[in-house]
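predicted model and sequence follow; I will ask about them next.
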Amino acid sequence: MTPLAPALREVRAVVFDTDGVITDSAKVHAAAWKVAFDDYLRAHPPADPDQRHPFDVRDDYLRHVDGKSRLDGAAAFLAARGIDTSEETVRTVAEAKERLFTARLRDQGVDAYPGTVRLVRALRAAGVPRAAASASRHAGELLSRAGVLDLFDALVDGGEAARLGLAGKPQPDLFLEAVDRLGVAADRAAVVEDALAGVEAGRRGGFALVVGVDRAAGPDTGARLLRHGADIVVRDLGELCAGGEPK
Ligand SMILES: O=P(O)(O)OC[C@H]1O[C@@H](O)[C@H](O)[C@@H](O)[C@@H]1O
């Protein structure tokens, strides 16, 4: 049994974001968004030439799209480039991204991060309940494809969020619903997130511990996660197992 690092020893439940935390699918989302947004920018160049540059899979993704639902992410990026965000425009771009994403998923598959799996197993061995939460409607499918769905006691995904009318990140609703299903109060639980909107949601939800996961999106990603609400930042969740090797 892998024991837990001190930071997690007082925690009674842990809620994990999915894309980029459990599965290596954030980069698949980012690549699909890039094609969809760049096609749109080419066909409908913003009036301001400074806003015409292509979508950046690191900075634009982290700043505007990561952690948000499909429609919220599309609207946030288009608005940032000064583009009209009529419902139709947002829906058209979001639908294009969805087609690209599902095609890539079919071709490439998805894996779980080994360090995350190690931590989740250590939590299970220690009797700490675990939930997966995600703005994505694909979260259940991703966890199942990666072979880790059964490591979690609860899952709240984008479909559930829509059905229950939960506000998107940075509001904490998704995480509060997840921890509620585990029967633990937020102030006794941890949230694990790689998105700026996600760590902010953890902070707003009053969680005992917000862990930011820096997947090296940029040189200052760790500092940005801390500014948005992370209490600690790791590069790999294996670091939260006692004896884990910080990278
Ligand atoms: O898979 P869906 O429902 O289209 O949701 C997409 C969103 O899912 C989120 O989990 C990701 O962090 C976003 O980057 C992504 O855009």
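Nice, thanks for sending it over.

for the ligand, see how far away Arg163 is.
Here Arg163 is placed at a distance of 13 Å from the ligand (CB to the nearest ligand atom, to the nearest Å). For every residue, glycine as well, the C-beta is placed using N, CA and C.

interface residues of the protein facing the ligand?
Contact residues (CB under 6 Å from any ligand atom) of the chain with the ligand: 19, 29, 65-67, 69-70, 73, 98, 134-138, 158, 195.

check those residues and tell me the two furthest apart.
Within those, Glu98 and Ala195 form the most distant pair, 18.9 Å apart (CB to CB).

where along the chain do the helices fall?
26-43, 59-60, 70-80, 87-108, 114-125, 139-145, 158-164, 173-181, 196-204, 221-228 (DSSP state H).

now distance to Val234, mean neighbour count and mean pLDDT too, for these, in CSV please.
Shown next, in CSV, are the helices of the chain (distance: least, CB to CB, whole Å; neighbours: other CB atoms under 10 Å; pLDDT from 0 to 100):
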stretch, distance to Val234, mean neighbour count, mean pLDDT
helix 26-43, 16, 19, 97
helix 59-60, 21, 16, 94
helix 70-80, 25, 21, 97
helix 87-108, 25, 16, 96
helix 114-125, 9, 19, 97
helix 139-145, 21, 20, 97
helix 158-164, 25, 16, 97
helix 173-181, 18, 23, 98
helix 196-204, 12, 25, 98
helix 221-228, 9, 19, 96
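
turn these into CSV, including distance to Ala13.
Converted to CSV, those look like this (distance: least, CB to CB, whole Å):
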stretch, distance to Ala13
helix 26-43, 23
helix 59-60, 33
helix 70-80, 26
helix 87-108, 29
helix 114-125, 9
helix 139-145, 18
helix 158-164, 18
helix 173-181, 6
helix 196-204, 13
helix 221-228, 21
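
for Pro6, which of the ones you listed is the nearest?
helix 114-125 (13.2 Å).

kindly export that closest one (C-alpha atoms) in CSV.
Presented in CSV, the C-alpha positions along helix 114-125 are these (Å, rounded to 0.1, in the frame of the first residue of the first chain):
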residue,chain,number,x,y,z
PRO,A,114,0.3,6.7,-14.0
GLY,A,115,1.0,9.1,-11.1
THR,A,116,-2.7,9.9,-10.8
VAL,A,117,-3.7,6.2,-10.8
ARG,A,118,-1.1,5.6,-8.1
LEU,A,119,-2.5,8.4,-5.9
VAL,A,120,-6.1,7.3,-6.5
ARG,A,121,-5.3,3.7,-5.6
ALA,A,122,-3.4,4.9,-2.4
LEU,A,123,-6.5,6.9,-1.5
ARG,A,124,-8.7,3.9,-2.0
ALA,A,125,-6.4,1.8,0.1
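
so which elements touch it?
Helices and strands touching helix 114-125, by 3 or more CB pairs under 8 Å, 6 or more residues apart in numbering; DSSP states H and E, are strand 13-17, strand 130-133.

which of these has the highest mean neighbour count?
Counting by mean count of other CB atoms under 10 Å, strand 13-17 has the highest mean neighbour count of the helices and strands packed on helix 114-125, with a mean of 28.
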